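**Q** Here you go, sequence then predicted model.
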Amino acid sequence: MPRGEVSWILEADIQSFFDSVDRTALGEMLQVRVADGALRRLLGKCLHVGVLDGAEYSEPDVGTAQGSVLSPLLGNVYLHYGLDLWFERVVKPRLRGEGAPPPVLRRLHHGVRATR
């Protein structure tokens, strides 16, 4: 870990995260983040693949396929909107001390509302 003013690190394990991703919301997020329509269609197809668990085949309506090489990428896009932007817009402006944004940015962030 780099040396500096860090006094704590937060690590979270979101239970059943990949199983509970809202595909409709993720699709909307991908519309914003991915400019290439062909790539968006490919990602959409990858979201709707079936799951083979032993001899049992299912086609879940929610989530991303765990074990897919795309799941971490899609999870990061989803968490960017659900967690990162919330932190930037809601939490960070309330911080005080050396980690806090300068007062000018605090005033700018104060008027920003989280959007979906």
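**A** Alright, I've got the coordinates.
**Q** element containing the residue nearest the centre of the chain?
**A** Centroid-nearest residue in the chain, with Cα atoms, centre = their mean: residue 79, separated by 1.3 Å. Assigned by DSSP states H and E, residue 79 falls within helix 71-79.
**Q** can you list contacts of that helix?
**A** 17-18, 21, 25-26, 29-30, 33, 43, 47, 64-65 (Cβ atoms under 8 Å, 6 or more residues apart in numbering). All C-beta spots, glycine's among them, are computed from the backbone N, C-alpha and C.
**Q** Buried among those? Need that as a selection in PyMOL.
**A** Those of these that count as buried under 16 or more other Cβ atoms under 10 Å are selected in PyMOL with:
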select buried, resi 17+18+21+26+29+30+43+47+64+65
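**Q** So which of the contacts of helix 71-79 belong to helices?
**A** Taking DSSP state H as the definition of helices, these contribute 17-18, 25-26, 29-30, 33, 43, 47.
**Q** Tabulate the residues you listed in a markdown table, adding columns for pLDDT.
**A** Output for the ones in helices among the contacts of helix 71-79, formatted as a markdown table (pLDDT from 0 to 100):
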| residue | pLDDT |
| --- | --- |
| 17 | 85 |
| 18 | 86 |
| 25 | 90 |
| 26 | 91 |
| 29 | 91 |
| 30 | 92 |
| 33 | 90 |
| 43 | 90 |
| 47 | 85 |
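**Q** how about these in a markdown table, adding distance to residue 95?
**A** Shown next, in a markdown table, are these (distance: Cβ to Cβ, whole Å):
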| residue | distance to residue 95 |
| --- | --- |
| 17 | 26 |
| 18 | 30 |
| 25 | 27 |
| 26 | 29 |
| 29 | 26 |
| 30 | 30 |
| 33 | 26 |
| 43 | 34 |
| 47 | 35 |
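**Q** Which residues are in contact with residue 59?
**A** Contacts for residue 59 were tallied using Cβ under 8 Å, 6+ apart; they are 48, 50-51.
**Q** wait, residue 91
**A** Residue 91 neighbours (Cβ under 8 Å, 6+ apart): none.
**Q** still on that earlier bit, ok, the residue nearest to the centre of the chain to residue 53 distance?
**A** Distance, residue 79 to residue 53, using Cβ to Cβ, to the nearest Å: 25 Å.
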